[in-house]
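In: Coordinates for the following, if possible.
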Amino acid sequence: MSSEPVGNVNSSGSVVAAVDGSAGGGRALEWALAAARLRGAPLRIAHVRAYDIPLVDGPFTAVIERPDADPVLAHVRASLEGRADLPELEFVTVDGRPGRELPRLGADAALLVLGSRGRGGFAGLLLGSNGVACAREADCPVVVVPRPRQDAGGGARRGTDEVEDECPEVVLGLSAPAPDEGALDFAFAEAARRRARIRVVAAYPWPVLSATAAGDFVMKAVADAETEKGYGELAGGLLAPHRERHPDVPVDVSLASGDAAGHLVEASRSADLVVVGRHRRRPAPGRMLGSVTNAVLLHSACPVAVVPQRSA
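Out: Below is the predicted model:
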């Protein structure tokens, strides 16, 4: 790994932006710059050069000669030259597999930011393999910045040309029966930094099984007020300590039955950030993202933060 630091930068607690010369990497860099400024944190701009390409794990590896200089980081340096309000910067080049090296770079970071799809892969993919690997493996929260979507109609995506005094919105996916405290902490802290409101999407499964007097179980055809009230009270109890710690953050709770991923994707159309939790890690090789998290990453119209579960 080669490093070209600017200033005296301690990587611990920094924001890491993954760049690769693609438009997606450029969007990730801009998002990471703003995130670093909000946190008062240094920014590590990292490029993983995937020049060593093992065809299989073993002694036989196809190796392509690589230059000592990194043109991707040289281009980023030039693009940032003369810009005001830059955080402390560090430029890092790593040789290896991006899906493996990027989570390692996030091991001591506050945040890892990357585009939804880089230079490699199939053009039609909405989320590349590196994004999946980072969201699944990194020890820090991972923000995936999507490319602009022409098919995200139905909502008014917040853009740079909108009035600046409009309150930003952070959407939090809350599973009331199995809450993720890491995602709750992250969402409220991020909303406080951004002076944003939080829209909590508390989804509950529907239809549900209901016991009859004869001891049989049947599916209820429609949601009833009692079920919705119960989930609302459960969600309110989970949110209470976070609202107390962040009294200046407005909170709206939307109770929604059925498809949690669909509700979150719909909410992303008018949001600035969607925050979802990551399922507990399973022993390799069975690690995988939860179905809701994976679907939101694939279809969200705004950046998505995937937050690992908080250590007990």
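
In: how many neighbours does residue 266 have?
Out: The tally of other residues near residue 266 (other CB atoms under 10 Å) stands at 18. (C-beta placed from N, C-alpha, C; glycine too.)

In: Please apply the same query to residue 73.
Out: The number of residues packed near residue 73 is 20, by other CB under 10 Å.

In: Distance-wise, check the nearest residue to it once chain neighbours are set aside relative to residue 191.
Out: Distance criterion CB to CB, 6 or more residues apart in numbering; nearest residue to residue 73, sequence neighbours excluded, is residue 91 at 4.9 Å. To residue 191, residue 91 is 31 Å away according to CB to CB, to the nearest Å.

In: In terms of packing, which of the two has more residues around it?
Out: Remark: of residue 91 and residue 191, residue 191 carries more neighbours, 27 against 23, as counted by other CB under 10 Å.

In: Which parts of the stretch 151-300 of the chain are helices?
Out: Using DSSP state H, counting those that start in this stretch, the helices found in the stretch 151-300 of the chain span residues 181-194, 225-245, 260-268, 291-299.

In: who wins for proximity to residue 101 among those?
Out: Closest to residue 101 of those, according to CB to CB: helix 291-299, at 20.0 Å.

In: May I have the strands that pair with the following helix or strand past that closest one, each with its orientation?
Out: Using DSSP states H and E, the helix or strand that follows helix 291-299 in sequence is strand 304-307. Paired with strand 304-307 in the same sheet, following DSSP bridges, are strand 142-145 (antiparallel), strand 273-277 (parallel).

In: what comes into contact with the first one?
Out: For strand 142-145, contacts defined as CB atoms under 8 Å, 6 or more residues apart in numbering pick out 24, 27-28, 31-32, 35, 106, 111-116, 127, 131, 134-135, 273, 297, 303-306.

In: Among these, which are located in helices?
Out: 24, 27-28, 31-32, 35, 131, 134-135, 297 (DSSP state H).

In: need these in JSON lines with pLDDT and neighbour count, can you?
Out: What follows is the ones in helices among the contacts of strand 142-145, written out as JSON lines (pLDDT from 0 to 100; neighbours: other CB atoms under 10 Å):
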{"residue": "24", "pLDDT": "89", "neighbour count": "23"}
{"residue": "27", "pLDDT": "94", "neighbour count": "19"}
{"residue": "28", "pLDDT": "94", "neighbour count": "28"}
{"residue": "31", "pLDDT": "97", "neighbour count": "21"}
{"residue": "32", "pLDDT": "97", "neighbour count": "26"}
{"residue": "35", "pLDDT": "96", "neighbour count": "24"}
{"residue": "131", "pLDDT": "77", "neighbour count": "31"}
{"residue": "134", "pLDDT": "87", "neighbour count": "28"}
{"residue": "135", "pLDDT": "86", "neighbour count": "27"}
{"residue": "297", "pLDDT": "90", "neighbour count": "23"}
